[in-house]
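A.B. asks: Below are the sequence and a predicted model; questions follow.
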Amino acid sequence: MNLLIESGKWLADAAHWQGANGIPHRMLQHVELSALAIVCSVVIAIPAGIILGHVRRGGLLAVSVVNIGRAIPSFAILAVTLPIALWLGIDYGFWPTWAAVFLLALPPMFTNAFTAVREVDPEAVDAARGMGLTERDVLLGVELPLGAPVILAAIRVSAVQVVATVPLGAVVGWGGLGRYLLDGLAQYDFPQVVVGATLVALLAIGTEIAFGLGERFLLPRGVRRLTRAEAAATVVTAG
């Protein structure tokens, strides 16, 4: 209870809301790096997964190669990229952290995009082709809308993982909310640690909610109804 009270006092201290070490600045750093990593992952992984899923060629090999990234811990990526950043003379805190979370987000986005398009009902695809639609129209008009729920869910999950992992960058001298965790532990300032961990958790929850609302906004109404129907059928079957 005393720790919670002290944490509340630390959070209420006006000094912790100002300057380069203030909560607004640290939060902005955290969001900026997370957003950059997520956007770059989406731009690279989603189109690649969609195209390979559509042509159904080379996808399994690509997925196997990408999944190797899942076996490499983010901390190991930081350890490898830190000396490279120092050698190149670039920001040794920001870019190694970005590389770690960027590579963390790639595999699930790519794999789900590939699977979502490849697993679209073949009858629907054949019907579209039978109507004379071009391959581009089949992809954009049939496969992509039907696979969108899986793709958007992958982006949401990856975004939450990125936000939750970014604090690891404090180990290599980067800022963000991870500074409160690392500095608090180093100084035995446990209220600072509690506040830092709470802010990271709240940001991750906020990311989950924001992307969930984005899914509802972006998905066509018919696809949302189809998704709910499939979920209900699954529940009935399981019962």
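C.D. replies: Sure thing, it's come through. Residues are numbered from 1 along each chain as shown.
A.B. asks: pLDDT weak spots in the chain?
C.D. replies: 1, 58-61, 63, 65-67, 69-70, 220-239 (pLDDT under 70).
A.B. asks: just the helices in it please.
C.D. replies: 2-12, 23-55, 59-67, 74-88, 94-118, 122-130, 135-138, 144-165, 178-186, 190-218, 221-238 (DSSP state H).
A.B. asks: contact partners of the shortest one?
C.D. replies: Spelled out, that is helix 135-138. 54, 125, 128, 129 (C-beta atoms under 8 Å, 6 or more residues apart in numbering). Every residue, glycine included, has its C-beta placed from N, CA and C.
A.B. asks: chain center to it, what's the gap?
C.D. replies: 28 Å (C-alpha atoms, centre = their mean, to the nearest Å).
A.B. asks: Repeat that for stretch 136-155.
C.D. replies: 18 Å.
A.B. asks: First-to-last residue distance for it?
C.D. replies: Stretch 136-155 has an end-to-end distance of 23 Å (criterion: C-alpha to C-alpha, to the nearest Å).
A.B. asks: returning to that earlier point: for the contacts of helix 135-138, which one is nearest residue 175?
C.D. replies: For the contacts of helix 135-138, the residue nearest residue 175 by C-beta to C-beta is residue 54; the value is 41.1 Å.
A.B. asks: Setting the sequence-adjacent residues aside, check what's closest to the closest one.
C.D. replies: Leaving aside its chain neighbours, residue 54 sits nearest to residue 139 (5.0 Å; criterion: C-beta to C-beta, 6 or more residues apart in numbering).
A.B. asks: what's near enough to touch the one you found?
C.D. replies: Contacts here follow C-beta under 8 Å, 6+ apart; on that basis residue 139 touches 50, 54, 117.
A.B. asks: my guess is the first one contacts residue 120, does it?
C.D. replies: Right, residue 50. No - between residue 50 and residue 120 there is no contact under C-beta atoms under 8 Å: 11.0 Å.
A.B. asks: Quickly list what's touching both of the two.
C.D. replies: Joint contacts of residue 50 and residue 120 (C-beta under 8 Å, 6+ apart) are 143, 147.
A.B. asks: wait, residue 215 sits on residue 150?
C.D. replies: No - counting by C-beta under 8 Å, residue 215 stays clear of residue 150, with 10.7 Å between them.
A.B. asks: Tell me, how many residues neighbour residue 8?
C.D. replies: Residue 8: 13 surrounding residues under other C-beta atoms under 10 Å.
A.B. asks: Any buried residues in stretch 79-86, and which?
C.D. replies: 81, 82, 85 (16 or more other C-beta atoms under 10 Å).
A.B. asks: show me the contacts for the closest residue to the last one other than its chain neighbours.
C.D. replies: Computed as C-beta to C-beta, 6+ apart, the closest residue to residue 85 that is not its neighbour in sequence is residue 92, at 4.4 Å. Taking C-beta under 8 Å, 6+ apart, we find residue 92 in contact with 82, 85, 86, 172, 173.
A.B. asks: For residue 6, state which of the residues you listed is nearest.
C.D. replies: Nearest to residue 6 out of the contacts of residue 92 is residue 173 (C-beta to C-beta; 27.2 Å).
A.B. asks: Now do the closest one against residue 78, distance only.
C.D. replies: Remark: distance between residue 173 and residue 78 (C-beta to C-beta, to the nearest Å) = 11 Å.
A.B. asks: Between the two, point out the one with more neighbours.
C.D. replies: residue 78 (21 against 15).
A.B. asks: looking at it, that one is touching residue 94, isn't it?
C.D. replies: No - applying C-beta under 8 Å, one finds residue 78 not in contact with residue 94, separated by 11.7 Å.
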